[in-house]
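> sequence and predicted structure are below.
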Amino acid sequence: MSALLTVDGLDVRFGSGRSGPVHAVRDVSFSVAPGECLALVGESGSGKSTAARALLGLAGPGAAVRARALRVDGRDVTGFRARDWRAVRGRAVGLVAQDALVSLDPLRRIGAEIAEPMRLHRTVGRALIGARVVELLRRVGVPEPEVRAAQYPHELSGGLRQRALIASALAAGPRLLIADEPTTALDVTVQAQILDLLAEAKADGTGLLLITHDLGVVARIADRTAVLRQGTMVESGPTPELLGSPQHPYTRALLAASAPRPAVRAPKRAGPVLEVASVSVSYGARTAVRDVSFTLRAGETVGLVGESGSGKTSVARVAMGLLRPDSGTVRLDGEPWSELPERLRRPRRSRIQLVQQDPFSSFDPRFTVDRILAEGIGRHEDRAARARELLGLVGLGPEHLRRRPDELSGGQRQRVAIARALAPSPAVLVCDEPVSALDAPVRAQVLDLLDDIQRRLGTALLFVSHDLSVVRRISDRVLVMKDARVVEEGDAEEVFDAPQHPYTKALLAAVLTPVPAARTPGPPVLSPGTPPADAARPR
């Protein structure tokens, strides 16, 4: 059977810039057959997304792409120009990009976004396009698909945006699907739905190139796996063999970083720093939060989990003072917070800081990292020294100060976002999916960093995440939300070890883990002095 994708000797370089020349992908070869899934895994900046985008002529400006052979659905694409790619993208190959908010047109309704490939390639009659859009949204697990089709991207949660993006990639029925972190923003139950959908497409003969840092997803769906490090393929083979008996030290390090780790508890200090009392929020006729209450003490982490759209991000926005509740109150440091006008909240905003889910959209693309950090550094501090200190805290070096957001990998951008939030030394850090874009080694580093900050400074964390393993790793207490309500709460270990509510049980049952990793004991082999692999410019 002919391969849908053949890559032989792929090489991608970027010219000189602020960061100097970058050799992002070096002599990488692989293939994907109909009905097969190949996973490309590695740390952020390892070259996996660069390789995938190069296959569609999307490596970016200044990229030099070469290959001994590069065939997509039987076509030699090595000499393709922009007009040639238009016949391939969407119809022969569908792309699910990593960042749904950036990938979706903010001025276009979701339904129009999904309809475009069908109109462009004329795969569905014009009269049937509307029904097909609703069907696709329903297939990828979007509730109320007729309503969502009429909405704009900013009106959807991160998980719903990602599902809409997947629907758009499937719209024209491509034979090959390139999925770049397709489940990163999804909770475990919706993740299972999407993986089931991808498995169905694979069973129907669709080839799948999966780019991910989630080895649980790899174990669930990939037939073969290739491991990239600093642009080079270091190991490849059938997924069960590679995960069960990895040969390369780097692969073993990735598996060790993905293994469950015991929770590290910071010392709690007397008195609540954040009090949320009977808060409810509505958006028109839709209730987003209903009667939610909790307290957060200094040095404590409260994990907030639930499906996309369950209301957890709205709770975080209320806590930040970015959204006024319809009823209920929030107190910060024992004083009124939610009911105050913004002019009275502003002098106290340094006490509570936010690490957003999407770091790229939270930065001004014109700013360097130095200027981004300066937004949170006090006027009377030595800004240069403080900026270097903050970058060191999150595992980056001073060489990153002159870079702009588009010159950083996804993992690097998230670490800069955390550094900016830490700049004013807040009492409360509200983390909305702060490690969802990070590979396992960097995720472990960031969680260790947050632990260390709590131990030294007594910072309290409100930690919003769909990743239950991360929540269990870092939380003292957990609140589980469903349909705007808290359905279960309690000590983290009790909730995870003996869940009481059926929904909590369903969430835990849907968690994916790289099961073969249990047969590969041993500590990570990446030494603390080794520069992170995401030091390279991602494209």
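Great, that's in hand.

> contacting residues for the spatially closest residue to Ala33 that is not a sequence neighbour?
Nearest residue to Ala33 in three dimensions, chain neighbours excluded: Ala3, at 5.2 Å (C-beta to C-beta, 6 or more residues apart in numbering). C-beta coordinates here come from the backbone N, C-alpha and C atoms, glycine included. Residues near Ala3 by C-beta atoms under 8 Å, 6 or more residues apart in numbering: 31-33, 71, 207.

> that's a helix at Arg386, yeah?
Yes. Secondary structure of Arg386 (DSSP: H, G, I helix; E, B strand; the rest coil): part of a helix.

> contacting residues for the nearest residue to Leu422 once chain neighbours are set aside?
Among residues not flanking Leu422 along the chain, Leu390 sits closest, at 6.1 Å (C-beta to C-beta, 6+ apart). By C-beta under 8 Å, 6+ apart, the residues touching Leu390 are 373, 377, 419-420, 422-423.

> quick one, strands of the stretch 51-200 of the chain?
Counting by DSSP state E, counting those that start in this stretch, the stretch 51-200 of the chain has strands at residues 63-66, 69-72, 75-76, 93-96, 176-180.

> one more: the stretch 251-400 of the chain?
Counting by DSSP E, counting those that start in this stretch, the strands of the stretch 251-400 of the chain are 272-283, 286-297, 301-306, 327-332, 335-336, 352-355.

> same question for the fifth one, mean pLDDT?
It stands for strand 335-336. In this model, strand 335-336 has a mean pLDDT of 96.

> what's around Ser168, how many residues?
28 (other C-beta atoms under 10 Å).

> ok, it to Leu156 distance?
13 Å (C-beta to C-beta, to the nearest Å).

> quick one, domains of the protein?
1-92+175-260+530-539, 99-173, 272-512 (automatic domain parsing).

> how far does the shortest one sit from its chain's centre?
On the basis of C-alpha atoms, centre = their mean, to the nearest Å, domain 99-173 sits 20 Å off its chain's mean C-alpha point.

> before we move on, the earlier item: the strands of the stretch 251-400 of the chain: which one's closest to Ala199?
Closest of the strands of the stretch 251-400 of the chain to Ala199 is strand 301-306, at 24.8 Å (criterion: C-beta to C-beta).

> what angle do the closest one and strand 272-283 make?
Using axes from the mean of the first three to the mean of the last three C-alpha atoms, to 10 degrees, the direction of strand 301-306 lies 20 degrees away from that of strand 272-283.

> what is the mean pLDDT for strand 301-306?
94.

> for stretch 50-70, same thing?
90.

> same deal with stretch 496-511?
Rounded mean pLDDT across stretch 496-511 is 92.

> what residues of stretch 223-231 count as buried?
With burial defined by 16 or more other C-beta atoms under 10 Å, the residues of stretch 223-231 counted as buried are 223-231.

> show me which pair in the residues you listed is furthest apart.
Across the buried residues of stretch 223-231, the two lying at the largest distance from each other (C-beta to C-beta) are Asp223 and Gln230, at 25.3 Å.

> roughly how far apart are Leu391 and Arg402?
Counting by C-beta to C-beta, the gap from Leu391 to Arg402 is 12 Å.

> identify the contacts common to those two.
By C-beta under 8 Å, 6+ apart, the residues touching both Leu391 and Arg402 are Val369.

> between the two, who's got more neighbours?
Higher neighbour count among Leu391 and Arg402: Leu391, with 22 against 13, using other C-beta under 10 Å.
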